[in-house]
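*Asks:* How does the following fold in three dimensions:
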Amino acid sequence: MGRLLAFLYGLIAYAFFFGTILYAIVFVGNIGADTIKDLKTIDSGKPGPVGQAVLINVLLLAAFAVQHTIMARPAFKERWTKFVPRPIERSTYVLFSALLLDLTFWQWRPIAGVVWSVEPTAIRTALWAIYGLGWVIVFYSTFLIDHFDLFGLRQVWLYLWGKEYTQKPFMARSLYKWVRHPLMLGFMIAFWATPEMSQGHLLFSIVISAYIFIGIAFEERDLLNVLGEDYRSYRERTSMIIPMPPRKK
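*Replies:* Just a heads-up that it's a prediction; the model follows:
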């Protein structure tokens, strides 16, 4: 029964996070705000005092960044799994991340003011296509890593059948041959590619982009500790965030 409950918990956490990511596409892209009543997006709602909005928005993003960074660290996981069963540790991390993202979307304060607005239809269409491409890269990258392991489903599935969890080896394939963090590249594209950049959207993009680089620094430190020379060599020949042909050593 405990194994089945753990599996169901993992499914629920995964479904909740997946729904949150799909909503993020709507939220960041400001999709449907003009046609769907009360739909919350990055620019919907009545703007309030700018200083208050900036403070609240930055605190919301900072809360997500702190949780996302700390709970991903091996030292925290070692302590955390004394209270949370190891098979559901990843699912719990995924669930907490989704909850903080949803809190950010719910409490986000719009900030008036246009940074840029593109009028030509062809350019607007191209920017929307690039926005969609960013999210395609995000989802595609998760499957290159192992989508189900990344979001905790593999862990609870193995536990359900009484099999021991083993860490999958890192393989530089497809996009990973050209860039070390294609997942983060996809997010960066999605956050910046828009025909209508408001001041609120700009704040979101700047803060999240800064966090992405901070998160990469922490992640690569952990990868070096786990994978050692193999990852060091990979890092030396592969670009971090801008796709480029592998460098020859």
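*Asks:* which strands and helices sit next to the particular helix or strand that has residue 223 in it?
*Replies:* Following DSSP states H and E, one finds residue 223 within helix 199-227. Applying 3 or more C-beta pairs under 8 Å, 6 or more residues apart in numbering; DSSP states H and E, we find helix 199-227 packed against helix 50-70, helix 74-80, strand 114-117, helix 182-192, helix 229-237. Placement of C-beta: from N, CA and C, glycine included.
*Asks:* Report the inter-axis angle for it versus helix 50-70.
*Replies:* Relative orientation of helix 199-227 versus helix 50-70 (axes from the mean of the first three to the mean of the last three C-alpha atoms, to 10 degrees): 20 degrees.
*Asks:* Pick the most buried one from the helices and strands packed on helix 199-227.
*Replies:* Mean neighbour count (mean count of other C-beta atoms under 10 Å) peaks for helix 182-192 among the helices and strands packed on helix 199-227, with a mean of 21.
*Asks:* Against which helices or strands is that helix packed?
*Replies:* helix 2-29, helix 121-145, helix 199-227.
*Asks:* Could you figure out how far the shortest one is turned away from helix 182-192?
*Replies:* Taking the same axes, to 10 degrees, one finds helix 121-145 and helix 182-192 inclined to each other by 160 degrees.
*Asks:* Could you work out which of the helices and strands packed on helix 199-227 reaches nearest to residue 104?
*Replies:* helix 50-70 (4.3 Å; C-beta to C-beta).
*Asks:* Outside of the closest one itself, list whatever touches it.
*Replies:* If you take C-beta atoms under 8 Å, 6 or more residues apart in numbering as the criterion, helix 50-70 is touched by 47, 76, 96-97, 100-101, 103-104, 107-112, 200, 203-204, 207-208, 211, 214-215, 218.
*Asks:* Provide a list of residues in contact with the closest residue to residue 150 other than its chain neighbours.
*Replies:* Spatial nearest neighbour of residue 150, chain neighbours left out: residue 142 (5.5 Å); criterion: C-beta to C-beta, 6 or more residues apart in numbering. Taking C-beta under 8 Å, 6+ apart, we find residue 142 in contact with 150, 151, 183.
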